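Chemist: fold the following.
(2 chains)
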2 protein chains.
Amino acid sequence: MENPAIFRVVYQITAENGFDAEQIAQNICIEQSVEMPLDAVPHHVRSSVARLESISQTDTERWKAEIAFPSLLTGEDPTQLLNVIFGNSSLLPGIKVIGVDDSILTALLPGPAFGIDGIRELLDVHDRPLSCTALKPVGLSPEELAERAYHFASGGIDIIKDDHGLTSQESADFTSRLTECIAAVRNGEQKSGKRTLYFPNITCSPSKVLEQYWEAVDLGADGVLIAPQLTGLEILTEIARDASIPIMAHPSFSGSMVIHDTRGISAPLYYGKLWRAFGADCIIYPNARGRFTFTLELCKAINRQCRASISGIRASFPTPGGGINRDSVSDWVKEYDTDTIFLIGGSLYQHPGGLETATSEFQQRLIEGGIS
Amino acid sequence: MENPAIFRVVYQITAENGFDAEQIAQNICIEQSVEMPLDAVPHHVRSSVARLESISQTDTERWKAEIAFPSLLTGEDPTQLLNVIFGNSSLLPGIKVIGVDDSILTALLPGPAFGIDGIRELLDVHDRPLSCTALKPVGLSPEELAERAYHFASGGIDIIKDDHGLTSQESADFTSRLTECIAAVRNGEQKSGKRTLYFPNITCSPSKVLEQYWEAVDLGADGVLIAPQLTGLEILTEIARDASIPIMAHPSFSGSMVIHDTRGISAPLYYGKLWRAFGADCIIYPNARGRFTFTLELCKAINRQCRASISGIRASFPTPGGGINRDSVSDWVKEYDTDTIFLIGGSLYQHPGGLETATSEFQQRLIEGGIS
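Modeler: Modelled structure (predicted):
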């Protein structure tokens, strides 16, 4: 789709200590486009300068500013889009990105290659939430990890993702881990009589992620796990444009972007809209009521953004992790609804009856939660 | 160099509202290693768990905790090192990374391929600070950008870097921009009788940065500009291990990591130690007394980290940008000392006498500042 002539970014501006919110907004227009004094910008390229479209006060020290950026600033370049939205402004206080026009995302980004519907197709599960667990801890051998994967699959889990700390350590190198775990999951499926998808972690040096993706595909993995804040977001895009298996995105290293009230990028926008538009099929975020501090309201806003209708961009599966256990999962299904992947780790490993029993119970409660 | 058995990371913990700082530190040990309840970690892999070495109170609500991580967690993987230092912990409040042992950096990372001494060699300038300016704005044609580059070089500037917003827009595609600007700089050198280095921006999709690096080398660029928060930090490392020309790192998109008192990574550690160890030869940061909010003390701490002695890792050139103009540069030289690159933009473009005159004056004052 062709680039729109302009696209809008919405900033929340917190103007403390007598700072002038409108001046801050005008500064963003300069800082994020020509980055030089206006009187030094040649007349024939004044069209490069972003323009403040509106600003309104929303609270005592808080304003909402809509800024129109000419699309000539980004060209066709998704990484440059991030630079335009929040490059140098990330270094200034009181500026938080809270909205980006759909039009520029549709024009530049592919969205998920599978999305909610595609992942449901892979599992042939269409009417209930999905279950997911994490394979860990680091330090186990490929065979030991595979044994755990076997029990999860035997117990009927929908998705097993690697712990995001499993890379290619001496205890379990990448190829051996994938080979053993994929075989174990296929065996476990024989016992459970249902599909289980295995998503190994392929987070590594940015220039090597694509290579590891295709190795994972060749070895028979059903999806991959990537921490985009470590690899650069456009890695998702490159995979999504030509994907064989879906991507689950992990929020490692990204907390500083989203956990501050007056700075950064709002979590629903960053995870639910941008990571999705860049190409993540499933989006893990730190769930409420656990060890993280996202509120229930914020988590629901992420869910809504993951699933919202955007022209030409598939919906992503919100994947809350943390704060969910075997007992609480039914309640969470009621809170978050059917199009959700529930990620549960510790509480399965702690079950006295072992992983397979723990997984069957979790799966059963998830299904009951979904139909109650 | 071989991995140390363990390496230490120092965290500042802000424990508000009655939270227990030691408990937070213990949680980091789990969250950043096995990420599961300790009672569920198999005995033979307990050595994977990080260990709290010390914790001491430094202020009313503030503690300093030293945590020892087993190196088996990172293997040989620089991206995984970031994940271990600040993966899920980035999503928890009150945790800020303030120190990392040199030993693990020396073991895993190359540091700059050129560093301060190498860049001085390229310019044959050994006893004074260096000058740098930014080529802009976006929207100009390759020929118009090249004309500006010519005047900067004629005026005797040491380094011209692209504005970090110049990518491959329709107004000036990557190859044309580099071809024209490199030729113009070589012409300008004829007039000035001294070397000028041109560092084009190669920030783009993470999997394409290496390709653009080698295209820049082939076209005759003298260095490159990269925004590592957009490309992933290990891109620096891959270039530095096999570099032909140096890297200048730009802080675009990285502000959320460093501008908060109680969260993120301290700016001196992130820019001055980690970006350096990952391979950045010059490190741009937002200077004090300008439009950004870093204090003078913080900027000096970044300078110290860039230049500090670390076994096997060259020193990087601190490159303060913002808040510097033709008149103030002599004062800044006194504050920051000789091993500094002073980045100046707007004030050259605004000079009524044109770019070449502005640049000569700037260069003259920089040199005088350095010898006064």
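
Chemist: kindly report the residues of the stretch 51-200 of chain A close to chain B.
Modeler: By the rule C-beta under 8 Å from any C-beta of the partner chain, the part of the stretch 51-200 of chain A lying against chain B is A:72-75, A:77-80, A:82-84, A:86-93, A:134, A:136-140, A:144, A:163-165, A:167-171. (Each C-beta comes from the backbone N, C-alpha and C, glycine too.)

Chemist: list only buried entries from those.
Modeler: Among these, those classed as buried by neighbour count (16 or more other C-beta atoms under 10 Å in any protein chain shown) are A:72-75, A:77-80, A:82-84, A:86-93, A:134, A:136-140, A:144, A:163-165, A:167-169, A:171.

Chemist: what residue spans form the domains of chain A?
Modeler: Under the assignment named as automatic domain parsing, the residue ranges that make up the domains of chain A are A:6-108, A:115-371.

Chemist: among those, which is nearest residue B:120?
Modeler: The stretch from the domains of chain A with the least distance to residue B:120 (C-beta to C-beta) is domain A:6-108; that distance is 28.0 Å.

Chemist: of the buried ones among the residues of the stretch 51-200 of chain A next to chain B, which belong to helices?
Modeler: Among these, the residues falling in helices (DSSP state H) are A:78-80, A:82-84, A:86, A:144.

Chemist: of those, which pair is most distant in space?
Modeler: The two members of those with the most space between them (C-beta to C-beta) are A:84 and A:144, at 46.8 Å.

Chemist: residues touching residue A:232, list them.
Modeler: Taking C-beta atoms under 8 Å, 6 or more residues apart in numbering or on different chains, we find residue A:232 in contact with A:79, A:206, B:205-206, B:230-232, B:235.

Chemist: now swap in residue A:233 and tell me
Modeler: Residue A:233 touches A:78-79, A:82, A:274-275, A:278, B:230, counting by C-beta under 8 Å, 6+ apart.

Chemist: which SS class is residue A:245?
Modeler: Per DSSP: H, G, I helix; E, B strand; the rest coil, the secondary structure class of residue A:245 is coil.

Chemist: state the distance from it to residue A:20.
Modeler: For residue A:245, the distance to residue A:20 under the criterion C-beta to C-beta, to the nearest Å works out to 51 Å.

Chemist: and these two? Which one has more around it.
Modeler: Between residue A:245 and residue A:20, counting by other C-beta atoms under 10 Å in any protein chain shown, residue A:245 is the more crowded of the two (20 against 12).

Chemist: which one is the more buried one nearest to, not counting chain neighbours?
Modeler: Nearest in space to residue A:245, with sequence neighbours left out and distances taken as C-beta to C-beta, 6 or more residues apart in numbering or on different chains, is residue A:223 at 4.9 Å.

Chemist: thought residue A:246 was touching the one you found, still the case?
Modeler: Yes: Residue A:223 is in contact with residue A:246 according to C-beta atoms under 8 Å; the separation is 4.5 Å.

Chemist: any common contacting residues for those two?
Modeler: Contact with both residue A:223 and residue A:246 is made by residues A:199, A:281-282, according to C-beta under 8 Å, 6+ apart.

Chemist: now list the buried members of the residues you listed.
Modeler: Members of these that pass the buried threshold by neighbour count (16+ other C-beta under 10 Å) are listed as A:199, A:281-282.

Chemist: give me the pLDDT value at residue A:24.
Modeler: Reported pLDDT at residue A:24 in the predicted model: 95.

Chemist: thought it was touching residue A:15?
Modeler: Yes: under the criterion of C-beta under 8 Å, residue A:24 is in contact with residue A:15, at a separation of 6.1 Å.

Chemist: name the element the most centrally placed residue in chain A belongs to?
Modeler: Nearest to the mean C-alpha position of chain A, counting by C-alpha atoms, centre = their mean, stands residue A:283 at 3.4 Å. Taking DSSP states H and E as the criterion, the element that holds residue A:283 is strand A:282-286.

Chemist: who are the packing partners of that strand?
Modeler: Where contact means 3 or more C-beta pairs under 8 Å, 6 or more residues apart in numbering or on different chains; DSSP states H and E, strand A:282-286 is packed against strand A:247-249, helix A:296-307, strand A:317-321.

Chemist: quick one: it to chain centroid distance?
Modeler: Centroid displacement of strand A:282-286 relative to its chain, using C-alpha atoms, centre = their mean, to the nearest Å, is 5 Å.

Chemist: I'd like to know how far the closest residue to residue A:258 other than its chain neighbours sits from residue A:292.
Modeler: Once its chain neighbours are removed from consideration, residue A:258 has its nearest residue in residue A:267; the separation is 4.1 Å (C-beta to C-beta, 6+ apart). Between residue A:267 and residue A:292 the distance, using C-beta to C-beta, works out to 11 Å.

Chemist: also residue A:82?
Modeler: Remark: distance between residue A:82 and residue A:292 (C-beta to C-beta) = 24 Å.

Chemist: run through the stretch 151-300 of chain A and note the low-pLDDT ranges.
Modeler: Along the stretch 151-300 of chain A, the model assigns pLDDT under 70 to no residue.

Chemist: which residues of it fall in helices?
Modeler: Read by DSSP state H, counting those that start in this stretch, the stretch 151-300 of chain A holds these helices, from start to end of the chain: A:174-192, A:209-219, A:228-231, A:234-240, A:255-258, A:267, A:276-278, A:296-307.

Chemist: which stretch among the ones you listed comes nearest residue B:365?
Modeler: Taking C-beta to C-beta as the criterion, helix A:255-258 is the member of these that comes nearest to residue B:365, at 37.6 Å.

Chemist: and the residue of the stretch 251-372 of chain A nearest chain B?
Modeler: Across the stretch 251-372 of chain A, the shortest distance to chain B (C-beta to the nearest C-beta) belongs to residue A:255, at 3.1 Å.

Chemist: and for that residue, the neighbour number?
Modeler: Residue A:255 is surrounded by 28 other residues when neighbours are defined as other C-beta under 10 Å.

Chemist: buried sites along stretch A:40-53?
Modeler: Residues of stretch A:40-53 classed as buried by neighbour count (16+ other C-beta under 10 Å): A:40-41, A:45, A:48-50, A:52.

Chemist: with respect to residue A:311, which of these is nearest?
Modeler: Distances from the buried residues of stretch A:40-53 to residue A:311 were compared by C-beta to C-beta; the smallest belongs to residue A:50, at 23.7 Å.

Chemist: per-residue confidence at the closest one?
Modeler: Each residue has a pLDDT score; the one for residue A:50 is 97.

Chemist: so who does it touch?
Modeler: Neighbour list for residue A:50: A:28-30, A:32-33, A:67-70, A:73 [criterion: C-beta under 8 Å, 6+ apart].

Chemist: cool, and residue A:307?
Modeler: With contacts defined as C-beta under 8 Å, 6+ apart, residue A:307 is in contact with A:116, A:315-316, A:318, A:339.

Chemist: okay, now the nearest residue to residue A:110 once chain neighbours are set aside: neighbour count?
Modeler: The spatially closest residue to residue A:110, leaving aside those adjacent along the chain, is residue A:240, at 4.7 Å (C-beta to C-beta, 6+ apart). When neighbours are counted by other C-beta under 10 Å, residue A:240 registers 23.

Chemist: and residue A:240, what is it in contact with?
Modeler: By C-beta under 8 Å, 6+ apart, residue A:240 lies in contact with A:110-113, A:247, A:278-279.

Chemist: please list all residues in contact with residue A:324.
Modeler: Per C-beta under 8 Å, 6+ apart, neighbours of residue A:324: A:287, A:290, A:332, A:342-344, A:347.

Chemist: same question but for residue A:330, I mixed them up
Modeler: In this structure, residue A:330 makes contact with A:365-366, A:368-369, A:372, judged by C-beta under 8 Å, 6+ apart.

Chemist: perfect, I'm done here.
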